[in-house]
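A.B. asks: sequence first, then the predicted structure, then my questions.
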Amino acid sequence: MGAVPHWHASPPAAPAPTPTLPHAAREGGSGLTSLVSITGLSKRYGPVTAVDAVDLEIARGEFLALLGPSGSGKTSLLRLLAGFETPDAGRIVLDGQDVARTPPYDRPVNMVFQAYALFPHLSVAKNVAFGLEMEKRPRAEIESRVAEALKLVELEALAGRRPDQLSGGQRQRVAIARAVVKRPKLLLLDEPLSALDRRLRERTRAELKDLQARLGLTFVMVTHDQDEAMAVASRIAVLNHGRIAQMGPPAEVFDRPADRFVAEFLGDCNLLEAEVLAPDRVRLRGEAIELLVRPMDRPAGAAVTLALRPGKILLGPDGRNMLNASVESIEYLGDLSRLTVRVGAATRLVLTQVNRAGPLPAVGDGLFLTLPPETLVALPA
């Protein structure tokens, strides 16, 4: 192992605070009111169970992301909420009414599809007005509500344009205006940003989050993109094999994964196999390395898997759980560098370091690491 360098990094910045729910989601400042209550919801397609006895409460005014890999059941759950599928079992109570077998057109729900499904030959205003015209609303009411919806999404000046004259983000806002003009209680979004390139997607997701807060509506979004879900949602439900593996605010789900699947699905994660020595102490398997951990209810001698996010590892001697390491590889990622290091005889860890002015470690360098005990999460056996 090379000589330990004289530099060490400052701890990474604290994560951004979890977004708070809009005022509409609060009940007298004391808690959240439930708009949707799902109990025992199941849906099968032949031998495949797409949604498996799901229980879920959706708060009034919140932005909920349904996150999971392909086949996890997130899209099936969204379609059940929309009324495009009928459950095999269970209830969907929306604002006090069981709508599990109510057709889509009779639910106070609207949906923004992945491809937006705008009519290319109609103007923005005509696209937004379409649903109201199908309901044969009075002309004055249609014009008033369309104007209101376009103002909400800040597209009044583009009312006369066609969809092909708009940017991807503007088309998305037209689709949202067309949905909210019907005044739904629940707005569903199916992969709403997947058709956009990376830069536009990042900009548009900020606009989407801001729009949801301004509207005060309840949004439920399906996505497979972890960054997207954490950037916009007030809560995330991570689905796996038709069940909710974990649900909570983004920081909670990311920092305290409930199981190995959630830990690995939500970005990079070091998984360390260890043996319990005491409620707050473990020894890494195959190593003479002992670590302090958050107190846990595991007997001495039990095997445990610890989850540790790369961004939680500190460079330099900074508290408890200080380890010697050597750098095996470095990936430069722009604002960040991703380091793979070896500790002990054979244990490898991945950590991320913010690139600041000054020297970075090189392959072969020795360095100190600190693994803060509160960041080591014991996963279920």
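C.D. replies: Alright, I've got the coordinates. Numbers count the residues shown, from 1 in each chain.

A.B. asks: low-confidence regions, the stretch 101-250 of the chain specifically.
C.D. replies: For the stretch 101-250 of the chain, applying pLDDT under 70 flags the ranges 195-197.

A.B. asks: residue nearest the centroid of this structure?
C.D. replies: Closest to where the C-alpha atoms of the chain average out (Cα atoms, centre = their mean) is residue 229, at 2.6 Å.

A.B. asks: so who does that one touch?
C.D. replies: 65, 67, 221, 223, 236, 250 (Cβ atoms under 8 Å, 6 or more residues apart in numbering). No exception for glycine: its C-beta is placed from N, CA and C like everyone else's.

A.B. asks: nearest residue to it in space, ignoring adjacent ones along the chain?
C.D. replies: Spatial nearest neighbour of residue 229, chain neighbours left out: residue 65 (3.8 Å); criterion: Cβ to Cβ, 6 or more residues apart in numbering.

A.B. asks: residues touching the one you found, list them.
C.D. replies: Going by Cβ under 8 Å, 6+ apart, residue 65 touches 220, 221, 222, 223, 228, 229, 232, 233, 235, 236, 237.

A.B. asks: where's it, which helix or strand?
C.D. replies: Using DSSP states H and E, residue 65 sits in strand 63-67.

A.B. asks: show the average pLDDT along that strand.
C.D. replies: Here strand 63-67 scores 96 as its mean pLDDT.

A.B. asks: what pairs with that strand, and is each one parallel or antiparallel?
C.D. replies: Next to strand 63-67 in the sheet, as set by DSSP bridges, lie strand 218-223 (parallel), strand 235-240 (parallel).

A.B. asks: domain assignment for this protein?
C.D. replies: According to automatic domain parsing, the chain comprises the domains 23-261, 267-379.

A.B. asks: and the last one, how far apart are its ends?
C.D. replies: End-to-end span of domain 267-379 (Cα to Cα, to the nearest Å): 16 Å.

A.B. asks: pLDDT on stretch 341-350, on average?
C.D. replies: Averaged across stretch 341-350, pLDDT comes to 94.

A.B. asks: re earlier: columns distance to residue 132 on top of the contacts of residue 65, output as CSV?
C.D. replies: What follows is the contacts of residue 65, written out as CSV (distance: Cβ to Cβ, whole Å):
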residue, distance to residue 132
220, 23
221, 24
222, 26
223, 29
228, 31
229, 32
232, 28
233, 30
235, 32
236, 34
237, 32
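
A.B. asks: ok, back up a step: most tightly packed of the strands paired with strand 63-67?
C.D. replies: Mean neighbour count, computed with mean count of other Cβ atoms under 10 Å, is highest for strand 218-223 among these, reaching a mean of 26.

A.B. asks: just the strands in the stretch 201-350 of the chain please.
C.D. replies: Taking DSSP state E, counting those that start in this stretch, the strands of the stretch 201-350 of the chain run over residues 218-223, 235-240, 243-248, 270-278, 281-284, 290-292, 303-308, 314-315, 322-332, 336-343, 347-354.

A.B. asks: tell me the buried residues in the longest one?
C.D. replies: Within strand 322-332, the residues that qualify as buried are 323, 325, 326, 327, 330, counting by 16 or more other Cβ atoms under 10 Å.

A.B. asks: got these as TSV, with pLDDT and distance to residue 167 columns?
C.D. replies: Formatted as TSV, the buried residues of strand 322-332 follow (pLDDT from 0 to 100; distance: Cβ to Cβ, whole Å):
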residue	pLDDT	distance to residue 167
323	93	49
325	94	47
326	95	49
327	95	43
330	94	38
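
A.B. asks: quick check, nearest of those residues to residue 211?
C.D. replies: Taking Cβ to Cβ as the measure, residue 211 lies nearest residue 330 of the buried residues of strand 322-332, at 40.0 Å.

A.B. asks: pretty sure that closest one contacts residue 339?
C.D. replies: Yes. With contact defined as Cβ atoms under 8 Å, residue 330 reaches residue 339; the gap is 5.4 Å.

A.B. asks: which residues do the two both contact?
C.D. replies: Listed as contacting both residue 330 and residue 339 by Cβ under 8 Å, 6+ apart are residue 361.
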